[in-house]
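Participant: below: sequence and its predicted model.
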Amino acid sequence: KEFCGGDIVMKETESIIKVENLSKVFKLPHEKLSTVKQHFVNIFNPKSFEKFRALDDVSFEVKKGEFFGIIGANGSGKSTLLKILAGIYQPSSGKVVVNGSLSPFIELGVGFNPELTARENIYLNAAILGMSRKQTESKFDEIVKFSELENFLDQKLKNFSSGMQVRLAFSIAVQAQADILLVDEVLAVGDAAFQEKCLNLFRELKKQGKTIIFVSHALNIMEEFCDRVVYLKKGKLVTE
């Protein structure tokens, strides 16, 4: 997939991901209108905005089979970058070429319906990730076993803790068999045992030659797993 100022086309490339001169600008309103009266009074007033450049002329390549890390302080643009790679955001300028399928694990609960049971959400989320019902059925037991939620399959997701939801979401994402796995701070939620299980899975995926884009503040994990790391600071790529 190629994202270029909103256009999307398929294109072959030597790298599995290629980012060229990527920028993302958000418009932040100066005035926040919270009541109906405020909206009515200001309906004919021109709106004023401030431009926030979340990413600024970022370029890098990821080779097939790399475990590629992205680090930076909060607000540096890491999650914005992952969302552009996943196709959730469109870039303001620049180009992204993705030569393969993606399995994003970026935000807790994206693609889940809190009114459905965990069982139903497995099928729903797997479909969003591109898995057929037959594929989901063949992987269902593995998903449940990894999440350790066997006793809660028929409970509505709205009754799950954040840790239980992240375990379920991650367990589905890693079964999607995509070429590229996008992971944003998955180890920040969940208990120590589940975090260690995730690390063991990362070790196995690394042996298999999977391509993983990994965002984390845990430098020890970055040091163990990542073949290369890029550092974002206020939206700019500082070093690679």
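Facilitator: Here it is on my side, so go on. Numbering: from 1, shown residues only.
Participant: got a list of what Lys145 touches?
Facilitator: By Cβ atoms under 8 Å, 6 or more residues apart in numbering, no residues touch Lys145. Bear in mind the C-beta positions are built from the backbone N, C-alpha and C, glycine included.
Participant: and it, how far is that from Cys226?
Facilitator: Taken as Cβ to Cβ, to the nearest Å, the spacing of Lys145 relative to Cys226 amounts to 28 Å.
Participant: and Ala126, by the same measure?
Facilitator: In this view, Ala126 and Cys226 are 28 Å apart by Cβ to Cβ.
Participant: ditto for Lys236
Facilitator: Summarising the geometry, the distance separating Lys236 from Cys226, computed by Cβ to Cβ, is 20 Å.
Participant: kindly report the same for Leu102.
Facilitator: In this view, Leu102 and Cys226 are 19 Å apart by Cβ to Cβ.
Participant: now do Asn21
Facilitator: Noted for Asn21: a distance of 24 Å to Cys226, by Cβ to Cβ.
Participant: which one's more surrounded, the two?
Facilitator: Neighbours around Asn21 and Cys226, counted as other Cβ atoms under 10 Å, are more numerous at Cys226. The numbers are 21 against 12.
Participant: what count of nearby residues applies to the residue lying closest to the more buried one once chain neighbours are set aside?
Facilitator: With Cβ to Cβ, 6 or more residues apart in numbering as the criterion, Cys226 has its nearest non-adjacent residue at 3.7 Å, and that residue is Gly69. Counted with other Cβ under 10 Å, the burial measure for Gly69 works out to 21 neighbours.
Participant: name the residues that touch the helix or strand containing Gly69?
Facilitator: Taking DSSP states H and E as the definition, one finds Gly69 inside strand 67-71. In this structure, residues lying in contact with strand 67-71 by Cβ under 8 Å, 6+ apart are 62, 78, 81-82, 202, 206, 211-217, 219, 222, 225-232.
Participant: residues of stretch 64-80 that come out buried?
Facilitator: Of the residues in stretch 64-80, those with enough neighbours to count as buried (16 or more other Cβ atoms under 10 Å) are 66-72, 76-80.
Participant: likewise stretch 80-87?
Facilitator: When neighbours are counted by 16+ other Cβ under 10 Å, the buried residues of stretch 80-87 are found to be 80-86.
Participant: in this structure, which residue is closest to the centre?
Facilitator: Central residue check for the chain by Cα atoms, centre = their mean: the C-alpha nearest the mean position is that of Ile106, 2.6 Å away.
Participant: partners of the closest residue to it other than its chain neighbours in the sheet?
Facilitator: Counting by Cβ to Cβ, 6+ apart, Ile106 lies nearest to Asp184, which is 4.6 Å off, once chain neighbours are set aside. According to DSSP bridges, the residues that bridge with Asp184 are Val215.
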